[in-house]
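*Asks:* Just a sequence and a predicted model for now, questions to come.
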Amino acid sequence: MIRKVNHSEIDKIADFMHWANSLPEQYSGYCSVNKEIILKDLEQGLINQTDLIVASFREGAVEGVMTAHFGSDNQSADCCGPYIKNSDLKLAEALFEALLTHLPRPMALQFFFSEKNQVCLELMQKQGAINQGSEWIMEMNREQFRKMPQADHLHAIMPLNDAQRQDFADLHDTIFPESYVKGKQILQTMGTSRKVYILEKEGIIRGYGVLRFAAMAKTVAAEIIAVRQEDRGHGYGKDIMTKLIDEAFQQVTINAVELVVESDNTAAIGLYKKLGFTVKTVNCSYMCQMRDTSGGSR
C-alpha cells in the first residue's frame with residue numbers, strides 16, 4: 001500500500017532513505033548520506049509543511065519512499081527518490097504517481113541523481129522530463145590535501161566583515177541572478193552553516209568563496225567560488241579555492257571537501273584537478289513540469 005507518511009513513521013522512513021541513498025544506483029543529490037541529517041530534515045519538513053512524503057508499506061515494513069521539498073515560491077519542488085528495493089521500476093512509477101496525487105498544486109519537479117541510478121533515469125524518460133545537463137561532484141580528502149601543490153603567491157583572502165556585507169550580497173546576486181540561494185540568505189546563515197571569504201582590492205570585492213557545513217557532517221562543501229567578470233584571468237579563483245580548502249581542513253573533524261561543477265565547465269574542472277580534486281560521482285539533473293491534473297493530464 002502506498003500512502004502519505006505521518007510524523008510517527010519518520011524514524012523508519014529515515015532508516016530506509018539512509019540505506020538507499022548510500023547505494024550509487026539509488027543516490028539522490030537532494031538527500032544527505034547522514035542519517036541524523038535525513039531525520040532532522042524530514043521532521044522539520046513535516047512541521048513546516050514544506051515536505052511531502054509518500055511510502056510503500058508491506059506488513060508494516062517500508063518498501064519504497066519518495067519525497068518532495070517545496071520551494072519558497074511554491075512553484076517547484078526538489079524530489080528525493082523514488083527509493084525502492086530490487087530495482088522495481090513499476091513500484092518507482094507507482095510512488096511517482098502517488099506523489100502527484102498529493103501535490104498541493106501543479107509545479108516543476110526537480111530531480112538530481114547519480115548517473116548510475118538507472119531506475120530514476122528510466123522514470124524520467126517515461127515521464128518526458130527535460131534533461132538539464134549533468135554535474136560532477138568532486139572531492140579532496142586529507143591525504144590529497146597534504147599532497148596539494150603549494151602556491152607561489154596568494155592574494156589576500158579574508159573573512160567577510162560587517163562593513164562588506166551589502167557589497168557582497170549585491171555582487172553575489174549580480175553574478176548569480178537565478179541562484180538557488182540569494183546573497184541575503186547566505187548572510188543570514190553566516191556562522192551557523194556558512195563561512196564567506198573575500199578577495200578585496202582597492203576597496204572592491206573582486207571575488208569570493210563560500211564554505212557550507214552541517215552539524216555532525218565530516219564533509220564540507222566549497223559551495224560557491226566566484227570572480228567578477230572584469231577581474232577574471234588573474235588567478236583569483238585559484239587563490240580563493242585554495243583558501244577555502246585550507247580553512248576547511250583546519251577543522252580536525254573534517255575528512256573531505258566537496259564541490260559541484262557543471263560537466264561542461266572545462267576550465268574549472270581543469271583547475272580543481274590540478275589542485276588535487278577527483279571525480280566522486282556524476283549527477284544528472286531533470287525537470288518534470290507538472291500541469292493542472294484536474295483534466296486527468298499533466
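*Replies:* Yep, that arrived.
*Asks:* So which residues of the chain form strands?
*Replies:* Counting by DSSP state E, the chain has strands at residues 2-4, 51-58, 61-70, 76-84, 108-114, 130-141, 157-159, 194-201, 204-212, 219-227, 256-262, 278-289.
*Asks:* Which of those sits closest to Gln26?
*Replies:* Gln26 lies closest to strand 76-84 among these, at 5.6 Å (Cβ to Cβ). C-beta coordinates here come from the backbone N, C-alpha and C atoms, glycine included.
*Asks:* Quickly compare the strands of the chain and say which is most buried.
*Replies:* strand 76-84 (a mean of 25; mean count of other Cβ atoms under 10 Å).
*Asks:* tell me the average confidence for it?
*Replies:* For strand 76-84, the mean pLDDT works out to 95.
*Asks:* Equivalent analysis for stretch 54-70, please.
*Replies:* 95.
*Asks:* Tell me which of the strands of the chain lies nearest to Ala20.
*Replies:* Once the strands of the chain are compared by Cβ to Cβ, strand 76-84 is nearest, at 3.7 Å.
*Asks:* Can you lay out the strands of the chain as JSON lines showing distance to Lys243?
*Replies:* Listed next are these as JSON lines, based on distance: least, Cβ to Cβ, whole Å:
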{"stretch": "strand 2-4", "distance to Lys243": "46"}
{"stretch": "strand 51-58", "distance to Lys243": "35"}
{"stretch": "strand 61-70", "distance to Lys243": "32"}
{"stretch": "strand 76-84", "distance to Lys243": "30"}
{"stretch": "strand 108-114", "distance to Lys243": "28"}
{"stretch": "strand 130-141", "distance to Lys243": "14"}
{"stretch": "strand 157-159", "distance to Lys243": "4"}
{"stretch": "strand 194-201", "distance to Lys243": "6"}
{"stretch": "strand 204-212", "distance to Lys243": "7"}
{"stretch": "strand 219-227", "distance to Lys243": "10"}
{"stretch": "strand 256-262", "distance to Lys243": "12"}
{"stretch": "strand 278-289", "distance to Lys243": "20"}
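*Asks:* if we compare the ones you listed, which one ends up closest to Ile269?
*Replies:* Closest among these, using Cβ to Cβ: strand 256-262, at 5.8 Å.
*Asks:* Can you tell me which helices and strands that closest one packs against?
*Replies:* Helices and strands touching strand 256-262, by 3 or more Cβ pairs under 8 Å, 6 or more residues apart in numbering; DSSP states H and E, are strand 130-141, strand 219-227, helix 236-249, helix 266-275.
*Asks:* Rebuild those as JSON lines, extending it with mean pLDDT.
*Replies:* Output for these, formatted as JSON lines (pLDDT from 0 to 100):
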{"stretch": "strand 130-141", "mean pLDDT": "94"}
{"stretch": "strand 219-227", "mean pLDDT": "95"}
{"stretch": "helix 236-249", "mean pLDDT": "94"}
{"stretch": "helix 266-275", "mean pLDDT": "92"}
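*Asks:* Beta-bridge partners for Glu262, please?
*Replies:* Note on Glu262: beta-bridge partners Glu135, judged by DSSP bridges.
*Asks:* And it, what's its pLDDT?
*Replies:* Glu262 is given a pLDDT of 91.
*Asks:* tell me the contacts of it?
*Replies:* Gly133, Ser134, Glu135, Trp136 (Cβ atoms under 8 Å, 6 or more residues apart in numbering).
*Asks:* mind redoing it with 10 Å?
*Replies:* Gly133, Ser134, Glu135, Trp136, Ala268, Ile269, Ser285 (Cβ atoms under 10 Å, 6 or more residues apart in numbering).
*Asks:* Met17 contacts Ser32, doesn't it?
*Replies:* Yes - using Cβ atoms under 10 Å, Met17 is in contact with Ser32, at 8.9 Å.
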